[in-house]
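>>> Sharing a model that was predicted from the sequence below.
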Amino acid sequence: MHSWTMNPEHFAPHQLPRLQHPDGTPVRALVVDDEPSLAELVSMGTRMLGWDVRTAADGPGAVALVKEFTPDVLVLDWMLPGFDGPEVLRRARALLPDLPCLFLTAKDAQEDKIAGLATGGDDYVTKPFSLEEVLLRLHRLVERSGVAASDAAELVVGDLVLDLDLREARRGGESIALTATEFDLLRFLMENPRRVMSKRQILDNVWDYDFGGQANIVELYISYLRKKIDAGREPLIHTVRGAGYVLKPAS
């Protein structure tokens, strides 16, 4: 049996901008996994985002629901009864060519990750996993797909405000210009306030799988952000030695 985690103290899906279709209907997610407790956990999380969710436990059932439910995003286990996840995705994309897909799998070797993405998956999370991370990745997949729009334009932590439309920050009312990567890094930290994020989590979420560099790129961009966000002020970005970085309101 696989394990996964959710920290109720820190998990706050309302911190993510709510996504919905232009006509006001909710985002539709299809969760496919033959472990009922895991499928229910992910379904519960997506419902907390305000999404409409269906589940399937095997390949044929998943494809039938793709036809009936027309999901906006697919959460797909690699190993399934009937036929496997990559075959589900192939058949789903024959019906919905632009359907985003997040693979959930116990396979964690680098070659397995590459294989997962090579089959057409847009993202990849290994078991055991953090539900918070899965929901954040799903939110970003749907947002990037363009099928749904956000009803919120700002993230706020303490006196720091991130304008998602203008792609700039304000602290204490003072405007702060950000590069594209600085914006993405700050957004990730502000979407996870008070949570320690490791360098690997930051690399995977900000640079995705296209970045082939080392973790010191995270240190470099954290230093850039600190010069813009924290210079001359009580710091919001903190280093947790041996663990990563956390953004939290100044005391």
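Happy to help now that I have it.

>>> How many neighbouring residues does Ala106 have?
12 (other C-beta atoms under 10 Å). C-betas here are computed from N, CA, C, even on glycine.

>>> excluding its backbone neighbours, what's nearest it?
Lys127 (4.9 Å; C-beta to C-beta, 6 or more residues apart in numbering).

>>> Tell me, how many residues neighbour that neighbour?
By other C-beta under 10 Å, 18 other residues sit near Lys127.

>>> Tell me the helices and strands packed up against the helix or strand hosting Val134.
Using DSSP states H and E, Val134 maps to helix 131-145. When contacts are defined as 3 or more C-beta pairs under 8 Å, 6 or more residues apart in numbering; DSSP states H and E, helix 131-145 packs onto strand 19-20, helix 36-48, strand 73-77, strand 101-105, strand 123-126.

>>> Next secondary structure element downstream of the shortest one?
I take that to be strand 19-20. Heading C-terminal from strand 19-20 (DSSP H and E), you reach strand 28-32.

>>> Kindly export that next one (C-alpha atoms) in CSV.
The C-alpha atoms that make up strand 28-32 are tabulated as CSV, following Å, rounded to 0.1, in the frame of the first residue of the first chain:
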residue,chain,number,x,y,z
ARG,A,28,-14.1,19.1,-14.4
ALA,A,29,-11.5,16.6,-13.2
LEU,A,30,-11.3,12.9,-13.9
VAL,A,31,-9.3,10.9,-11.3
VAL,A,32,-8.3,7.4,-12.4
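
>>> tell me what it is packed against?
Going by 3+ C-beta pairs under 8 Å, 6+ apart, strand 28-32 lies up against helix 36-48, strand 52-56, helix 59-69, strand 73-77.

>>> starting at the chain centroid, how far to that strand?
Offset of strand 28-32 from its chain centre (C-alpha atoms, centre = their mean, to the nearest Å): 15 Å.

>>> Same check on stretch 123-137?
How far stretch 123-137 lies from its chain's middle: 7 Å, per C-alpha atoms, centre = their mean.

>>> So, low pLDDT: which residues of the stretch 1-150 of the chain?
Residue ranges of the stretch 1-150 of the chain with pLDDT under 70: 1-15, 107-118, 149-150.

>>> Let me know which of the helices and strands packed on helix 131-145 is tucked in deepest.
Neighbour counts (mean count of other C-beta atoms under 10 Å) averaged over each of the helices and strands packed on helix 131-145 peak at strand 73-77, with a mean of 27.
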